[in-house]
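Trainee: Kindly generate the corresponding structure for this input.
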Amino acid sequence: MLRYFVATAAFIFFTASSYAALVNTVLVNGNAKAGEGKSVACQSCHGVDGNSEAPEFPNLAGQNARYIQKQLEDFKSKARENPIMSPMAEALSDEDIADLAVYFSSQKLKQGQTPDKYLDLGKKVFRRGMKEDNVPACMACHGAFGEGNPAAAFPRISGQNVAYIETQLKSYRKLERSNDPNQMMEDVTHKITNDEITAVAHYVNGLSEER
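Mentor: Presented below is the predicted three-dimensional model:
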């Protein structure tokens, strides 16, 4: 019985800790080693290991590979436009995109911290949503710990830079970004306030399985 319990616990631990990596491997056929070499051009904005030192640029470390792949594809096709990323993505082949996605996904994300003043409101928006305004909880799509949903290409948002999250949410609201499935983010962001955006951005920046 004890042997069975130990084996079961080890299996659960293994599957929980390896789920994202396994799904990324299945969904995106890339080469992390090749991606590391190709990532040099990304380092000035996104950091040497995908942890950006500039808060206006996103952390790519630990991001779901399928999400990175989709965003690069969207920049390349102009489904999502950015004066920096669109020209860079145009030069990438499908193989380049897959290699970069797998490489950055394999890097360790440096977790942020949530200031106490944003904790209550940020937690409410993330975990419960704003029912009075028909705003669903962020965790419904992005996971209980902000880990995202690799299979659906929903991004990991835990540990993401606050300024970047705020900018993207407001871009959805202003219809400057619209490459989300079924315009789900556009609908949500029209129903939340700037204070709620700021609070949830800080909350997910410090979100981890420990908090």
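
Trainee: Against residue 78, how distant is the spatially closest residue to residue 88 that is not a sequence neighbour?
Mentor: With CB to CB, 6 or more residues apart in numbering as the criterion, residue 88 has its nearest non-adjacent residue at 6.9 Å, and that residue is residue 41. Glycine gets a C-beta too; all of them are placed from N, C-alpha and C. Shown here: residue 41 relative to residue 78, a distance of 20 Å by CB to CB, to the nearest Å.

Trainee: quick one: contacts for the residue lying closest to residue 155 once chain neighbours are set aside?
Mentor: Excluding the flanking residues, the one nearest residue 155 by CB to CB, 6+ apart is residue 67, at 4.5 Å. Under the criterion of CB atoms under 8 Å, 6 or more residues apart in numbering, the neighbours of residue 67 are 148, 150, 153, 154, 155, 156.

Trainee: farthest-separated two in these?
Mentor: Farthest pair in the contacts of residue 67 (CB to CB) is 153 and 156. Separation: 11.0 Å.

Trainee: check contacts around residue 166.
Mentor: 197, 198, 201.

Trainee: so it, which of the three states?
Mentor: helix (DSSP: H, G, I helix; E, B strand; the rest coil).

Trainee: Show the pLDDT at it.
Mentor: Looking at residue 166, its pLDDT reads 98.

Trainee: Please apply the same query to the one 3 residues further on.
Mentor: In this prediction, residue 169 carries a pLDDT score of 98.

Trainee: Next: residue 133.
Mentor: 89.

Trainee: and it, how many residues sit next to it?
Mentor: The number of residues packed near residue 133 is 12, by other CB atoms under 10 Å.

Trainee: That one contacts residue 191, correct?
Mentor: Yes: counting by CB atoms under 8 Å, residue 133 does reach residue 191; the two are 4.6 Å apart.
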